[in-house]
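this is a predicted model, with the sequence first.
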Amino acid sequence: MGGNLPRVLAEARNSIRSMVPAGSKVLVACSGGADSLALAAAAAFLHRKGEILAGAVIVDHGMQPGSLAAAQRAAEQCRGLGLAEVLLIGAHVQGHSEQSARSARYAAFEAAMARTGAGHVLLGHTLDDQAEQVLLGLARGSGTLSLSGMPVARGPYLRPLLGLRRAEIEQICRHEGLGYWEDPTNTDPRYLRNRVRHELMPVIESVLGAQVPAALARTAALARADAEYLDSVAETMLDEVLGDAGAEAGESVCDLDLERLRAMPGALRSRVLRMAVARLGAPAPDFERLAALELLVHGSKSAGPIQLQGPVYASRMAGERLQHGARPALQLDATALPTARS
């Protein structure tokens, strides 16, 4: 530790300052890798200055030999930085998928916040992680929100390093004298994200230039702003098409006014349909199921029912068959399989 303060370290500290109210209690999610250790170092500086109360949470997923030793070393490094409460939590992971590990990790974060009274968990995702997320979203082909990557803030989870490159983060570790752990799973080709990182991204940068990750991160920020605005408009329109027959969260049936649905711009109608399905407690429909819903809305030969997920069934209903009035509707039913409509 020492020497001139690197610009990137000042940026990391200032990013935390901009996101965390003075005096707040936070936990840094630290794996012992470069990203999370750099974040821990930046947060520890603010903690020592009395600007925030910062601790750390280290999660041992137990998915590989030596994981506990790596977690213990990360905990010792966090204590060495002067962070307050440092928790090491063992996570029970069902299976070996990335999603299973993520679910177990976030459950551990929730437990750590409850135990310490922390209001936020700081995550060490970088601009490079964001660029990779945009490419993964593009591969899924599931719309604007999919291209918007990871949010800077979602609930109690904050990502102060999203504007910084991975190489810059390593510069922080060198300045602070922090030896970081290279997680062997980060090179395992069984995980799609690793193939994007190590195989796809180098090719893209060699063809389009080294500025591509930054351009993809900007795309994510623009796409998120668009998606959030359209979603806010769609929420209002959903209430309008539900009217008096609106379904609150937890209800099992809702009727959407067909005439109003048909009059909507397509970009808003698709969001309204996804939100209506979600209100019934089911997963948002994928591209194919959403296309089937659009056909029902526009008067396909069949009036349904079609199965979504959850299970939720959708049918086009004549007005006189509805409980809440005479206007034709698209009915979403999360109870039992409805009888076929004529």
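Looks like it came in fine. Residues are numbered from 1 along each chain as shown.

the helices in the stretch 151-300 of the chain, which residues?
Under the criterion DSSP state H, counting those that start in this stretch, helices of the stretch 151-300 of the chain are mapped to 166-176, 192-195, 201-208, 212-242, 258-263, 266-279, 287-297.

what's the closest of the ones you listed to Phe45?
For those, the distance to Phe45 is smallest for helix 166-176, at 9.2 Å, taking Cβ to Cβ. Every residue, glycine included, has its C-beta placed from N, CA and C.

that closest one versus helix 212-242: what angle between them?
Per axes from the mean of the first three to the mean of the last three Cα atoms, to 10 degrees, the angle that helix 166-176 makes with helix 212-242 is 110 degrees.

buried residues in helix 166-176?
Arg166, Glu168, Ile169, Glu170, Gln171, Ile172, Cys173, His175, Glu176 (16 or more other Cβ atoms under 10 Å).

ok, now how distant is the fifth one from Glu199?
Spelled out, that is Gln171. Distance, Gln171 to Glu199, by Cβ to Cβ, to the nearest Å: 25 Å.

and Ala40, what helix or strand is that in?
helix 34-48 (DSSP states H and E).

count the residues that sit near Gly80.
13 (other Cβ atoms under 10 Å).

neighbours of Ser103, just the number please.
For Ser103, the count of nearby residues is 14 (other Cβ under 10 Å).

which residues touch it?
By Cβ atoms under 8 Å, 6 or more residues apart in numbering, the residues touching Ser103 are Gln94.

now do the SS call for it.
What DSSP: H, G, I helix; E, B strand; the rest coil gives for Ser103 is helix.

kindly provide the distance from it to Arg159.
18 Å.

hang on, the earlier thing: deepest of the helices of the stretch 151-300 of the chain, which one?
helix 266-279 (a mean of 20; mean count of other Cβ atoms under 10 Å).

and that helix, C-alpha only, in CSV?
Extracted in CSV, the C-alpha atoms of helix 266-279 (Å, rounded to 0.1, in the frame of the first residue of the first chain):
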residue,chain,number,x,y,z
GLY,A,266,-47.2,-3.5,-29.7
ALA,A,267,-44.2,-2.6,-27.5
LEU,A,268,-46.5,-1.7,-24.6
ARG,A,269,-49.0,-4.5,-25.2
SER,A,270,-46.3,-7.2,-24.8
ARG,A,271,-45.3,-5.7,-21.5
VAL,A,272,-48.9,-5.5,-20.3
LEU,A,273,-49.4,-9.1,-21.1
ARG,A,274,-46.2,-10.2,-19.3
MET,A,275,-47.1,-8.1,-16.2
ALA,A,276,-50.6,-9.5,-16.1
VAL,A,277,-49.3,-13.1,-16.1
ALA,A,278,-46.8,-12.1,-13.4
ARG,A,279,-49.6,-10.8,-11.2
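
hmm, back to that, got the CA positions of the helix holding Ala40 in PDB?
C-alpha atoms of helix 34-48 as PDB (Å, rounded to 0.1, in the frame of the first residue of the first chain):
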ATOM      1  CA  ALA A  34      -9.700  -9.100  -7.500                       C
ATOM      2  CA  ASP A  35     -13.000  -7.400  -8.000                       C
ATOM      3  CA  SER A  36     -14.400  -7.900  -4.500                       C
ATOM      4  CA  LEU A  37     -11.100  -7.300  -2.700                       C
ATOM      5  CA  ALA A  38     -10.700  -4.000  -4.500                       C
ATOM      6  CA  LEU A  39     -14.300  -3.100  -3.500                       C
ATOM      7  CA  ALA A  40     -13.500  -4.100   0.100                       C
ATOM      8  CA  ALA A  41     -10.400  -1.900   0.100                       C
ATOM      9  CA  ALA A  42     -12.400   1.100  -1.100                       C
ATOM     10  CA  ALA A  43     -15.200   0.500   1.400                       C
ATOM     11  CA  ALA A  44     -12.700   0.000   4.200                       C
ATOM     12  CA  PHE A  45     -11.200   3.400   3.600                       C
ATOM     13  CA  LEU A  46     -14.600   5.000   4.000                       C
ATOM     14  CA  HIS A  47     -15.200   2.900   7.100                       C
ATOM     15  CA  ARG A  48     -11.900   4.100   8.600                       C
END
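
switch to numbering from 794
Okay, residue one is now 794; in that scheme the one you just asked about reads as helix 827-841.

and it, what's buried?
Using 16+ other Cβ under 10 Å as the test for burial, helix 827-841 gives 827-840.
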